[in-house]
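**Q** okay, structure incoming, though there's no sequence with it:
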């Protein structure tokens, strides 16, 4: 209901409207409570935890500084941290979650990287990727062998 329409209502109509609105809010709360919690999509990084910690301290609430200035100061203090302290924050951020393994590099990935590095400027990425894919498909096994060998070496460690 728009504000102007609401103002035209008398007290009895407003009371009816308010009670219906409160009932709707209560119903939505009940429905939301029954839903499973939405998992976080990403874990916070060590940097994010550090910023949260620094900005929550009373010294960060000094008047006269904008939020951007506070963030800039916190960011520069992160840059000046020693490696051991940074690693402490990163470890805290990781917690008990396992580190995700990196994808194994394939022969096609090596071929693609080589071709992308040699691309002409001004071409759209979609055009380049299509051309590279067509080149790879058209190559024979002998031409692909050096890339497969390099990928096997990288995979072996």
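**A** In hand now; what should we look at? On a predicted model such as this, the values are computed, not experimentally measured, just so you know. Residues are numbered from 1 along each chain as shown.
**Q** CA atoms for contacts and neighbours, from now on please.
**A** Noted.
**Q** what about the helices in this structure?
**A** Ranges of helices in the chain, per DSSP state H, are 3-8, 11-34, 46-56, 67-79, 83-94, 107-117, 125-138, 141-156.
**Q** tabulate those helices (a markdown table), appending mean pLDDT and mean neighbour count.
**A** Formatted as a markdown table, the helices of the chain follow (pLDDT from 0 to 100; neighbours: other CA atoms under 10 Å):
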| stretch | mean pLDDT | mean neighbour count |
| --- | --- | --- |
| helix 3-8 | 79 | 9 |
| helix 11-34 | 87 | 11 |
| helix 46-56 | 86 | 16 |
| helix 67-79 | 86 | 14 |
| helix 83-94 | 85 | 14 |
| helix 107-117 | 87 | 15 |
| helix 125-138 | 88 | 13 |
| helix 141-156 | 90 | 13 |
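**Q** look up how far residue 87 lies from the spatially most central residue of the chain.
**A** Among the residues of the chain, the one closest to the centroid is residue 42, at 6.3 Å (CA atoms, centre = their mean). Distance of residue 42 to residue 87, computed by CA to CA, to the nearest Å: 19 Å.
**Q** for residue 45, phi and psi?
**A** Residue 45 adopts backbone torsions of phi -80, psi 170, taken as degrees, to the nearest 10.
**Q** so who does the nearest residue to it once chain neighbours are set aside touch?
**A** Nearest non-adjacent residue to residue 45, counting by CA to CA, 6 or more residues apart in numbering: residue 93, 5.4 Å away. Residues in contact with residue 93, defined by CA atoms under 8 Å, 6 or more residues apart in numbering, are 43, 44, 45, 46, 49.
**Q** report how many residues lie close to the third one.
**A** Meaning residue 45. By other CA atoms under 10 Å, the residues close to residue 45 number 15.
**Q** ok, the first one next?
**A** Burial of residue 43 is recorded as 11 neighbouring residues (other CA under 10 Å).
**Q** likewise the second one?
**A** The burial count assigned to residue 44 is 14, neighbours taken as other CA under 10 Å.
**Q** now it: how far from residue 77?
**A** Distance, residue 44 to residue 77, using CA to CA: 18 Å.
**Q** now the fourth one
**A** Using CA to CA, residue 46 is found at 13 Å from residue 77.
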